[in-house]
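[1] Just to be clear, the model below is a prediction. Sequence and coordinates:
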Amino acid sequence: MTQLPQDLDSAIAQAIDATQAALDAGYTRLQVELLFPELNPMPIAEQFLPLFADLGDRCKALFTDAGAAALAQRDWNDATCILRSMFEPKGQLQPEDEAILLIAPSAVEVAKVEEICEAAGDRPVVMLLPKLEDLATVGLGYAGRQLRERFLNSLEACYSIKPLEGAAIFRCYPSSWQIWQETEPGNYQLLTEMARRPTADDLNQIFMDEAAETPSAPPPKKGFLSGLQGFLKALSQ
């Protein structure tokens with residue numbers, strides 16, 4: 001069973017391994033989610049490039065804007081893949097492209113991301129730190145529901161970690177989705193595993209059941225998850 005990461009480096013290492021395992025298993029629409037606020041995707045994305053190093057310029061790493069692409073072209077000296085904005089002509093998919101890494105796409109770009117995935121066909125697309133399900137942009141009505149059913153629900157989160165108050169949602173392929181609860185600083189208890197991503201109703205039921213079973217348990221204290229949030233916030237500035 002995969003354990004919760006103890007720092008950002010171990011989370012990235014887990015995410016890379018999970019992505020490789022999912023690609024080896026034949027998945028072609030992958031998401032890597034580190035759901036912390038203000039996380040800078042650039043240093044993380046650079047560490048993912050070796051996944052596709054053997055493809056050379058037959059892999060494209062696509063950014064949401066030309067400025068980020070230009071920074072990567074300047075700073076990522078070891079990159080062998082093509083670094084472009086997804087909106088510029090040289091960022092468009094070509095027949096010789098074999099894999100695509102999309103870096104931090106948001107709900108604003110969801111139509112373009114869907115277009116890229118359709119153009120990719122059965123070629124792998126890895127979305128790193130996506131924020132595609134912003135309801136303020138995607139919407140709660142018919143159009144938003146259709147988008148989720150048509151596209152967003154087709155994506156596989158091969159790695160995901162989301163801190164809650166004294167708990168975390170965690171998935172590291174090929175493991176199931178897991179709900180962890182912090183019992184004391186640095187110690188975590190696995191409450192349950194699920195085959196699908198847990199919903200808010202699932203979480204409410206899980207924590208109510210746990211509270212009913214251990215009514216005298218002390219409330220969780222701040223530990224790794226809250227500490228990592230502070231670390232990531234400092235890293236992103």
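    Okay, I see it. These numbers come from a predicted model, not from an experiment.
[2] Mind jotting down where the helices sit in this structure?
    Along the chain, counting by DSSP state H, helices occupy 8-24, 41-48, 66-75, 110-120, 135-138, 142-150, 200-213, 224-235.
[3] Make TSV out of these and add distance to residue 179 and mean neighbour count.
    Yep, even glycine has a C-beta here, placed from its N, CA and C like the rest. Listed next are these as TSV, based on distance: least, CB to CB, whole Å; neighbours: other CB atoms under 10 Å:
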stretch	distance to residue 179	mean neighbour count
helix 8-24	17	17
helix 41-48	24	17
helix 66-75	34	15
helix 110-120	28	17
helix 135-138	23	12
helix 142-150	23	12
helix 200-213	6	12
helix 224-235	13	16
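[4] CSV for those, including distance to residue 35 and mean pLDDT?
    Output for the helices of the chain, formatted as CSV (distance: least, CB to CB, whole Å; pLDDT from 0 to 100):
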stretch, distance to residue 35, mean pLDDT
helix 8-24, 11, 96
helix 41-48, 12, 95
helix 66-75, 20, 96
helix 110-120, 17, 92
helix 135-138, 15, 45
helix 142-150, 18, 62
helix 200-213, 14, 85
helix 224-235, 10, 46
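[5] now for the protein, which residue lies nearest the mean position of the chain?
    Nearest residue to the geometric centre of the chain (CA atoms, centre = their mean): residue 33, 1.7 Å.
[6] Could you tell me which residues make contact with that residue?
    When contacts are counted by CB atoms under 8 Å, 6 or more residues apart in numbering, residue 33 touches 129-130, 157, 159-162.
[7] For residue 91, state which of the residues you listed is nearest.
    Nearest to residue 91 among the contacts of residue 33 is residue 130, at 17.0 Å by CB to CB.
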